[in-house]
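Enquirer: okay, sequence plus prediction incoming.
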Amino acid sequence: MMTEEELRDRLHADSVGIMPKKDLIRTLAHQHARRHKRAKVGLIGGSLGATALVVTLLVGLFTGGDPLRIESASPSKDEIVTRVREADQAATTMIMHFVTYQGQSADGTTPPRTESWALRSENRARISSPDRSDKIVRPGYMEEIDHRSRMVKVDDQYRLGDDVVAHVSGSGIGDPKSWLSEGVREVRTDGGDIHLVANRMGVEFELWVDARTYLSKRVVFGDYRMTIDWLPATEENRRLLDHTIPAGFGWTKHVRDTGSPLTPPTT
């Protein structure tokens, strides 16, 4: 891996005795990026990024100005955690799609596989378990289809907090932004991903994130496993946040402490 100092030395050797005229700096930069293509991989990124960085360094050589800082090719644990948090925050306007699995329950049965979608910026989400239930939530509203009883429960005073993921994750482990809130014990690479070991509420868990985007891909809390991918919030993908009530299903009336019956929506 080429260091910043080595890059400066090579640029200096390439530019000795040359005075910049017109597009000479950019030409030198482009030629240097091509000549040292292997060295720039992993240090800078694509060819445009390489050319832009070398231009800045060349200008520094000619003018004595401060060059652009090169980020470490091997970020520290704290840098990785910061990037994971920033990536997750940037993805709140995307649809978090996740499938969850859980080991055997206390009665020896295996809980069903569940699939969920969450648009965190709008506090809207859905959780579906084939042939069992399908629930959607949004601020002030919940609607759950129970396929086994052929009934639909609706609550138009549903208490939904800021963590919509907890309502549709199947275990209530919460939003990814809370996963690293108590610090990270270990960070290592694993098959092209970044593997983090951390604790939440006294429970150790493992998280894998994409090494390119720093977005969560998989998390394991004991017997609970979640695989994650991220979808743009297009009109088509937003339909995944809703469900269709099968014909012939009845409605349940949920009554809160006030004693006021809820009115099912018209279909």
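Expert: Perfect, I can see it now. Residues are numbered from 1 along each chain as shown.
Enquirer: so where's the chain shaky on pLDDT?
Expert: 1-73, 103-112, 170-172, 253-267 (pLDDT under 70).
Enquirer: domains for the protein, by residue range?
Expert: 24-67, 78-261 (automatic domain parsing).
Enquirer: mean neighbour count added to those domains, as JSON lines?
Expert: Using the backbone N, CA and C atoms, a C-beta is placed for each residue, glycine as well. Formatted as JSON lines, the domains of the chain follow (neighbours: other C-beta atoms under 10 Å):
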{"stretch": "domain 24-67", "mean neighbour count": "16"}
{"stretch": "domain 78-261", "mean neighbour count": "15"}
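Enquirer: what does stretch 218-230 rub up against?
Expert: Here stretch 218-230 makes contact (C-beta atoms under 8 Å, 6 or more residues apart in numbering) with 91, 94-104, 169-171, 173, 176, 179, 200, 203, 205-208, 215-217.
Enquirer: OK, contacts around the nearest residue to residue 83 once chain neighbours are set aside?
Expert: The spatially closest residue to residue 83, leaving aside those adjacent along the chain, is residue 214, at 4.5 Å (C-beta to C-beta, 6 or more residues apart in numbering). The contact partners of residue 214, by C-beta under 8 Å, 6+ apart, come to 80, 83-84, 86-87, 194.
Enquirer: run the last query once more with 7 Å
Expert: 83-84, 87 (C-beta atoms under 7 Å, 6 or more residues apart in numbering).
Enquirer: for residue 240, same thing?
Expert: 95, 117, 126.
Enquirer: still on that earlier bit, I'd like to know which of the contacts of residue 214 is nearest to residue 183.
Expert: Nearest to residue 183 out of the contacts of residue 214 is residue 84 (C-beta to C-beta; 12.6 Å).
Enquirer: about what we covered before: now the residue nearest to residue 83: which helix or strand?
Expert: Here residue 214 is covered by no helix or strand, with elements defined by DSSP states H and E.
Enquirer: that one and residue 79: what is the separation?
Expert: Counting by C-beta to C-beta, to the nearest Å, the gap from residue 214 to residue 79 is 10 Å.
Enquirer: once you drop chain neighbours, what's closest to residue 177?
Expert: Residue 177 sits nearest to residue 88 (C-beta to C-beta, 6+ apart), 5.6 Å away.
Enquirer: just checking, what packs against the helix or strand the one you found falls within?
Expert: Mapping residue 88 onto the secondary structure by DSSP H and E places it in helix 77-90. Secondary-structure packing of helix 77-90 (3 or more C-beta pairs under 7 Å, 6 or more residues apart in numbering; DSSP states H and E): strand 184-190.
Enquirer: now the strand it packs on and helix 77-90, what's the angle there?
Expert: 80 degrees (axes from the mean of the first three to the mean of the last three C-alpha atoms, to 10 degrees).
Enquirer: direction included, what does strand 184-190 pair against?
Expert: strand 193-200 (antiparallel) (DSSP bridges).
Enquirer: how about residues contacting the partner strand?
Expert: 80, 178-180, 182-189, 204-211, 217.
Enquirer: tell me the phi and psi of the residue nearest to residue 83?
Expert: phi 70, psi 20 (degrees, to the nearest 10).
Enquirer: can you tell me how far it sits from residue 162?
Expert: 22 Å.
Enquirer: cool, and residue 201?
Expert: 17 Å.
Enquirer: and for residue 206?
Expert: Distance from residue 206 to residue 162, by C-beta to C-beta: 25 Å.
Enquirer: all strands for the stretch 151-267 of the chain, in order.
Expert: 151-158, 184-190, 193-200, 203-210, 216-221, 224-231, 250-253 (DSSP state E, counting those that start in this stretch).
Enquirer: dump these to TSV, plus distance to residue 132.
Expert: Putting the strands of the stretch 151-267 of the chain into TSV (distance: least, C-beta to C-beta, whole Å) gives the following:
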stretch	distance to residue 132
strand 151-158	13
strand 184-190	33
strand 193-200	28
strand 203-210	26
strand 216-221	22
strand 224-231	18
strand 250-253	16
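Enquirer: kindly state the beta-bridge partners for residue 197.
Expert: Beta-bridge pairing of residue 197 under DSSP bridges involves residue 186, residue 206.
Enquirer: no no, residue 221
Expert: Applying DSSP bridges to residue 221, the residues it is bridged with are residue 224.
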